[in-house]
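Novice: please work out how this folds:
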Amino acid sequence: MVPPHRRDEFALIDAFTRPFGVPASPFGPGDDAAVLDVPKGHRLVVTTDALVEDVHFTRATFRFEDVGHKALAVNLSDVAAMGASPLSFLCALSLPDDVEDAQLVAVARGMAALARKAGITLVGGNVTRGPKLSVTITALGKIPSSARPLCRDGARPGDDVYVSGALGDAAAGLAQPRPRDRQRRPAPEVRLGPALLGLATACIDVSDGLAQDLGHLAAASRVALELTAKDLPIGTHAKAAATSGPQALNWALTGGEDYVLAFTAPRRSARRLAAIAANLRRRITRIGSVVSGRGLWLDGRPLESTGFRHR
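Specialist: Predicted coordinates:
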């Protein structure tokens, strides 16, 4: 095995980009920068996030394909939370000496499979040597210029609070000897996010835990959110793996990495949301309401906004 810093950089780039089937420069990887068009009547939405070995994953519990999938998924989730449709993405790799070519290609395969499912492609990036495997994605999305993005500061008293999908399964999987696919391979809400434009008043993706993420939304909107524990859609795996009801509830509230969308919408929007859920075959659950005040409340008691803390 030849260490990354001794391998030919362009051979590495060719090996990594091959699974994506992307065209050559100037519309794909291979030149100094990508040349992209923003569709007429749209604005660009941009986000970036990194997946770092021994911080966000370990080789003992993640396949290399999982690393590629999750690195892209967490960024697509952020794009969806703004109500944007994904356009394309860039990938920057930091490779330690012990990552073999076949393992690098496996990262690309996992990433490329999700990219095809989302209808997007890789348009550029970078590769360098580093002490740990790190995958940094910059994802691009589009949103109609006439639409208000789904920011965190739009919730108003009288709105209802909703969440898509199920909660707690990722945390339950992480608690097992080997994490399950819900934690290793999240499914970003790339179709639901854009469908909420003009309907949701505020939105955030649940990456650090429902309580913490809704706490951010409540603070940005300068309102209080009252949640009802019995209405939280706790996942079937979380219920089965928990040793008690409180443990399952705790996973749902603070576990994080569910990558569903938590959002607020006017009460009159309930029927439209039900139609969207049926059309997309996605679960959307009302879990509470927006009221005047500050903070997060669960069954009438203050709820601490705890969850994953970035360092």
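Novice: so where is the stretch 151-300 of the chain shaky, pLDDT-wise?
Specialist: Scanning the stretch 151-300 of the chain for pLDDT under 70 picks out the ranges 177-179.
Novice: L217 falls within a strand, correct?
Specialist: No - counting by DSSP: H, G, I helix; E, B strand; the rest coil, L217 is not part of a strand but helix.
Novice: mind listing the residues bridging to V290?
Specialist: Listed beta-bridge partners, V290: L225 (assigned using DSSP bridges).
Novice: make sure it is actually in contact with T264.
Specialist: Yes - assessed by Cβ atoms under 8 Å, V290 is found in contact with T264 at 5.5 Å. Yep, even glycine has a C-beta here, placed from its N, CA and C like the rest.
Novice: quick one, which of those two is more surrounded?
Specialist: Remark: of V290 and T264, T264 carries more neighbours, 29 against 25, as counted by other Cβ atoms under 10 Å.
Novice: contacting residues for the more buried one?
Specialist: Neighbour list for T264: 154-156, 159-162, 200-203, 217, 221, 290 [criterion: Cβ atoms under 8 Å, 6 or more residues apart in numbering].
Novice: buried stuff in the helix or strand hosting R43?
Specialist: Counting by DSSP states H and E, the element that carries R43 is strand 42-52. Neighbour-count burial for strand 42-52, with 16 or more other Cβ atoms under 10 Å as criterion, is recorded at 42, 45-47, 49, 51.
Novice: dump the residues you listed into a markdown table; add pLDDT and distance to G130 as well.
Specialist: What follows is those, written out as a markdown table (pLDDT from 0 to 100; distance: Cβ to Cβ, whole Å):
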| residue | pLDDT | distance to G130 |
| --- | --- | --- |
| H42 | 97 | 35 |
| V45 | 98 | 28 |
| V46 | 98 | 24 |
| T47 | 98 | 22 |
| D49 | 97 | 17 |
| L51 | 98 | 13 |
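Novice: quick one: distance of the strand holding R43 to the chain centre.
Specialist: Distance of strand 42-52 from the chain centroid (Cα atoms, centre = their mean, to the nearest Å) equals 11 Å.
Novice: and for stretch 227-245?
Specialist: 21 Å.
Novice: residues contacting that stretch, please?
Specialist: 161, 163, 165-169, 171-173, 175-176, 180, 182, 210, 214, 248-249, 251-253, 255, 283, 285-288, 296-299, 303.
Novice: those residues in strands, which ones?
Specialist: If you go by DSSP state E, the contacts of stretch 227-245 have 161, 163, 285-288, 296-298 in strands.
Novice: list just the nearest of those residues to G83.
Specialist: Proximity of the ones in strands among the contacts of stretch 227-245 to G83 (Cβ to Cβ) peaks at V163, which lies at 16.1 Å.
Novice: in this structure that closest one contacts A277, no?
Specialist: No - the criterion here is Cβ under 8 Å, and V163 misses it with A277 at 11.6 Å.
Novice: now do the strands in the stretch 101-250 of the chain.
Specialist: In the stretch 101-250 of the chain, the strands defined using DSSP state E, counting those that start in this stretch lie at 121-129, 134-144, 159-164, 202-205, 224-227.
Novice: strand partners of the fourth one, parallel vs antiparallel please.
Specialist: Spelled out, it's strand 202-205. strand 261-266 (antiparallel).
Novice: ok and the strand it pairs with relative to strand 284-291, angle-wise?
Specialist: Following axes from the mean of the first three to the mean of the last three Cα atoms, to 10 degrees, one obtains 60 degrees for the angle between strand 261-266 and strand 284-291.
Novice: buried set for strand 261-266?
Specialist: By neighbour count with 16+ other Cβ under 10 Å, strand 261-266 contains the buried residues 261-265.
Novice: joint contacts of V290 and T264?
Specialist: 155-156, 159-161, 221.
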